[in-house]
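1. could you look at this predicted model? Sequence included:
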Protein chains: 2
Amino acid sequence: MAYENILIIGAGPTGLEAAKGIADLGYKVILAEKRDAMGGTPMSAGYAALTPDMRDAGEAMQEMCVAVENNPEVTIMLNTEITGSTGEPGSFHVKASSHGEEIEIEAGAIIIATGFSHFDPGRETQKYGYYEHDDVITIVDAEKLLKSGNFVRPSTGEKPNRVAFIQCVGSRDRQIGNEYCSKVCCGITSKQAIEVRELLPGCKVFIFYIDMRMYGYWENEIYWPAQEKHKVNYIKGMATEVIKKGDSLVVKGEDTTMRRPMEIPMDMVILAIGMEPSEGTKQVADIFGVNKNKFGFIETIGGALNTVSTNVDGVFAAGACTGPSDLEDCISAAGAAAMKSIAAIRKATILA
Amino acid sequence: MAYENILIIGAGPTGLEAAKGIADLGYKVILAEKRDAMGGTPMSAGYAALTPDMRDAGEAMQEMCVAVENNPEVTIMLNTEITGSTGEPGSFHVKASSHGEEIEIEAGAIIIATGFSHFDPGRETQKYGYYEHDDVITIVDAEKLLKSGNFVRPSTGEKPNRVAFIQCVGSRDRQIGNEYCSKVCCGITSKQAIEVRELLPGCKVFIFYIDMRMYGYWENEIYWPAQEKHKVNYIKGMATEVIKKGDSLVVKGEDTTMRRPMEIPMDMVILAIGMEPSEGTKQVADIFGVNKNKFGFIETIGGALNTVSTNVDGVFAAGACTGPSDLEDCISAAGAAAMKSIAAIRKATILA
């Protein structure tokens, strides 16, 4: 017996886009989400504006949620966590805990869209004092401040005059085992730098970086305006430590271009934390027997030529659960996963 | 009258993947290709290995071509150029010149997958002497040499001892109007640097760059091995000129990290040329009334949340015709375009 429906795990941008896409092709979707609301990390973390087009994140996610909520082909299950799975392509029997009750979901194919976690900058190798100093925050915290329109120093409630961003916190870092580049932090930092400069024209903004990675249009839509129109100061250099000095912070490190050590006073320091696989991603991967790479992200097969299939027939993975991804990556991969998962259930139905 | 088939224009990786995907969902595809063979630029330009997994490009493309050739749902039309279009979503009447004959193609939806062109490094602002010096080549020329396994100086047929790559040729360059980053050149250059070092262990390899952009796994799969295992020398600096001096070349410029001018002798110089919209992309966009951005690439609508729809209902664009894209971008976008184009013909059929 083959089932003609698809179970999507995770109702963030990727899961929502895949659900909409599958429903538009006339197939039934069960959309299971661990949290009590849809919209994924952009919603739960309270992102302000999307990159690179600066659209209001809450509004954009809301629109995606509504498209799925009003869709007769989609069954939404919030507060639902996957706990086990048996079966095969075409007829998976998935166990879940839904609102605290044990249930079983039958599905012809699975799409894992469990997203990522933000790197915790309090890890032992991190010398930036995230948990020690109130005025050291992350780009995620900064999103909330920017969304509120009240961008102030947490320690005093006053507007900062000097703000520094530190790039590659938890990325490109062998000491912590995250050798990969998280891909989006340079762009998001530069977007936030523009937003800070717009809110607080008197505030100086510095970005300490190894390489500024703003590929494709992010280069001309964000990086150049940040420098030229908004006078953001980009400093090639590694910040090694943040210390408290009187009422303010001091960023210590090395200015690579000037080839000299630096010690620069700041009112606020914002850490551009990278992406890590979420605990949910690792658990779900293990439940379905899907391979993870050495970082814990889900491994897709086929190199560049297959971005969503996994080692398990009928189980697909899309978006940031497969590795650092921007929103465009997630949305495109969602489409690819929708397509391939429908193809899988069609194949299973023909064989059944 | 609504047609239940989809016309895909361009049989490169994007077009092939979309064709396979649509066929797998049971819909008919007409795949129109201007060239006399499928496989797109990776095939026509003779790419050696794919990035980042180093798979043989010819083999990989061949596999994609075979999947489409043997598919009863796909009609392949080579030597076919689109010349006009009338109609609307669900019933497009497309004029084409196929093997020199005027024909008309009826289709319910259109996917434009016309790819990109390599930047021509002979433009007036370019001081690298591509057309003057035999030993100045591009990364595209280098692919052919690497594929042949005989990586030698074009001027002498001898193995080079010193090879330099120059990044951002035709990208991130306001003088020529290409302010965007071409996204893939850093990774392809680093891949080629590894290949050169493997073929010629005695050859020193230098890469002159502004920022090394190796996002996601390219960082740990290519960038780190290039430096550590293969001892490629990365030099942050702008090469401004390449001149001939006796039997060899001299790269002039500024070493940003050392803060001094440089003049380094080389046997070969390889220009990491970027991506531009192909002439075919611009023509096809105009035929269908699809918006182009200021660079001439096709503009997709919906910011990060819709990577394939255009301003014209029923006409989609995917892959490098929409801007600098790596293979993974193309493959994912192909899936998204397949999904949305089928949804479009389903909608048109219901309304008809």
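-> Received, thanks.
2. in the helix or strand harbouring A:Gly187, what counts as buried?
-> Using DSSP states H and E, A:Gly187 maps to helix A:185-199. Applying a neighbour-count criterion of 16 or more other C-beta atoms under 10 Å in any protein chain shown, the buried positions in helix A:185-199 are A:185-197. All C-beta atoms are positioned from the backbone trio N, CA, C, and that covers glycine.
3. average pLDDT for it, rounded please.
-> For helix A:185-199, mean pLDDT rounds to 96.
4. could you point out which of the buried residues of helix A:185-199 is nearest to chain B?
-> A:Cys186 (8.9 Å; C-beta to the nearest C-beta).
5. what's near enough to touch the residue nearest to the closest one when sequence neighbours are not counted?
-> In space, and not counting its chain neighbours, A:Cys186 is closest to A:Arg213: 4.5 Å by C-beta to C-beta, 6 or more residues apart in numbering or on different chains. For A:Arg213, the contacting residues are A:Cys181, A:Lys183, A:Cys186, A:Gly187, B:Asp211, B:Arg213, B:Met214, B:Tyr215, by C-beta atoms under 8 Å, 6 or more residues apart in numbering or on different chains.
6. how much space between A:Arg213 and B:Asn306?
-> 24 Å (C-beta to C-beta, to the nearest Å).
7. just A:Gln192 next, same as before
-> Applying C-beta to C-beta to A:Gln192 and B:Asn306 gives a distance of 24 Å.
8. swap in A:Met1?
-> From A:Met1 to B:Asn306 the distance is 36 Å (C-beta to C-beta).
9. same drill for the two, tell me which one is more crowded.
-> B:Asn306 (18 against 9; other C-beta atoms under 10 Å in any protein chain shown).
10. identify the residues contacting that one.
-> Per C-beta under 8 Å, 6+ apart, neighbours of B:Asn306: A:Ile331, B:Thr300.
11. and stretch A:6-15, is it in reach of chain B?
-> Yes: using C-beta under 8 Å from any C-beta of the partner chain, stretch A:6-15 reaches chain B at A:Pro13.
12. contacting residues for the residue nearest to A:Tyr215 when sequence neighbours are not counted?
-> Nearest non-adjacent residue to A:Tyr215, counting by C-beta to C-beta, 6+ apart: B:Lys183, 4.0 Å away. B:Lys183 is in contact with A:Tyr215, A:Gly216, B:Arg213, B:Met275, B:Pro324, B:Ser325, B:Asp326, counting by C-beta under 8 Å, 6+ apart.
13. okay, now the second one: neighbour count?
-> Looking back up the chat, that one is A:Gly216. For A:Gly216, using other C-beta under 10 Å, the count is 26.
14. list the buried ones in stretch A:105-125?
-> A:105, A:107-119, A:121.
15. burial measure for A:Asp247, as a count.
-> 11.
16. do A:Asn70 as well
-> 8.
17. from A:Asp134, how far off is it?
-> A:Asn70 is 43 Å from A:Asp134, by C-beta to C-beta.
18. need the residues of the stretch 1-150 of chain A near chain B, please.
-> Going by C-beta under 8 Å from any C-beta, the residues of the stretch 1-150 of chain A near chain B are A:13, A:17, A:21, A:24-26, A:50-53, A:55, A:60, A:64.
19. got a list of contacts for the helix-or-strand element of chain A with minimal mean pLDDT?
-> Here the helix or strand of chain A ranked lowest by mean pLDDT, DSSP states H and E is helix A:218, holding a mean of 90. Residues outside helix A:218 that contact it (C-beta under 8 Å, 6+ apart) are A:Thr51, A:Pro52, A:Cys186, A:Gly187, A:Ser190, B:Cys181.
20. adding pLDDT, write the residues of the stretch 1-150 of chain A next to chain B out as CSV.
-> Output for those, formatted as CSV (pLDDT from 0 to 100):
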residue, pLDDT
A:Pro13, 97
A:Glu17, 98
A:Gly21, 98
A:Asp24, 96
A:Leu25, 97
A:Gly26, 96
A:Leu50, 86
A:Thr51, 79
A:Pro52, 76
A:Asp53, 80
A:Arg55, 89
A:Ala60, 95
A:Met64, 96
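21. and the contacts of B:Lys183 as CSV, adding distance to B:Glu263, pLDDT and secondary structure?
-> Shown next, in CSV, are those (distance: C-beta to C-beta, whole Å; pLDDT from 0 to 100; DSSP: H, G, I helix; E, B strand; the rest coil):
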residue, distance to B:Glu263, pLDDT, secondary structure
A:Tyr215, 31, 86, coil
A:Gly216, 33, 86, strand
B:Arg213, 26, 92, coil
B:Met275, 30, 96, strand
B:Pro324, 32, 96, coil
B:Ser325, 36, 96, coil
B:Asp326, 34, 94, coil
